[in-house]
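# following is a predicted model, sequence given first.
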Amino acid sequence: MKLIYLGSAFSIIWYIRHHKLVRRSYDKDQDTFPRSYLIVLSFALAVFVHEKLTFKEVMWTFSLYLEAVAILPQLVLLQKTRNIDNLTGQYVFLLGSYRALYILNWIYRYLT
């Protein structure tokens, strides 16, 4: 499943950067969300809230926290522009669905 997730994530990134219509629709002036704050706060939280203090554990916890808030810049941009086309709406819906299934996976793993 991780390979499928990584493959789909890289294909989405490639599509956003190289597809003519999608690349043209990006407005850099509207994209003003301070992403560095999310990275710094997620890392600080991972340093202080973790299972054990090892490099691997802190980095894994950091990735979980960052993944949880990674959609915020996209949602803020969509709220600012009020321009949601089918591709963007479907992408945000599928990303949210993935996160919901991810939470169910963690609940199942915790219970078993």
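Arrived safely, thanks for sending. Numbers count the residues shown, from 1 in each chain.
# so what secondary structure elements neighbour the helix or strand hosting residue 57?
Using DSSP states H and E, residue 57 falls within helix 55-69. On a contact count with 3 or more C-beta pairs under 8 Å, 6 or more residues apart in numbering; DSSP states H and E, helix 55-69 meets helix 35-48. Every C-beta, even on glycine, is put in place using the N, C-alpha and C of the backbone.
# helices or strands next to the helix or strand bottoming out on mean pLDDT in the chain in the packing?
Between all helices and strands in the chain, the lowest mean by mean pLDDT, DSSP states H and E belongs to helix 20-24, at a mean of 77. Under the contact definition 3+ C-beta pairs under 8 Å, 6+ apart, helix 20-24 sits against helix 2-18.
# how far does the helix it packs on sit from its chain's centre?
12 Å (C-alpha atoms, centre = their mean, to the nearest Å).
# go on, stretch 92-104?
Going by C-alpha atoms, centre = their mean, where stretch 92-104 is centred and where its chain is centred differ by 10 Å.
# re the thing from before, return the set of buried residues in the least confident helix or strand of the chain.
By 16 or more other C-beta atoms under 10 Å, the buried positions in helix 20-24 come out as residue 22.
# likewise stretch 74-93?
If you call a residue buried by 16+ other C-beta under 10 Å, then stretch 74-93 has these buried ones: 77, 78, 88, 91.
# and the residue positioned nearest the centre of the chain, what pLDDT?
For the chain, the residue lying nearest the average C-alpha position, counting by C-alpha atoms, centre = their mean, turns out to be residue 70 (3.3 Å). On the pLDDT scale, residue 70 is placed at 81.
# same question for the one 3 residues further on.
Taken from the predicted model, the pLDDT recorded for residue 73 is 84.
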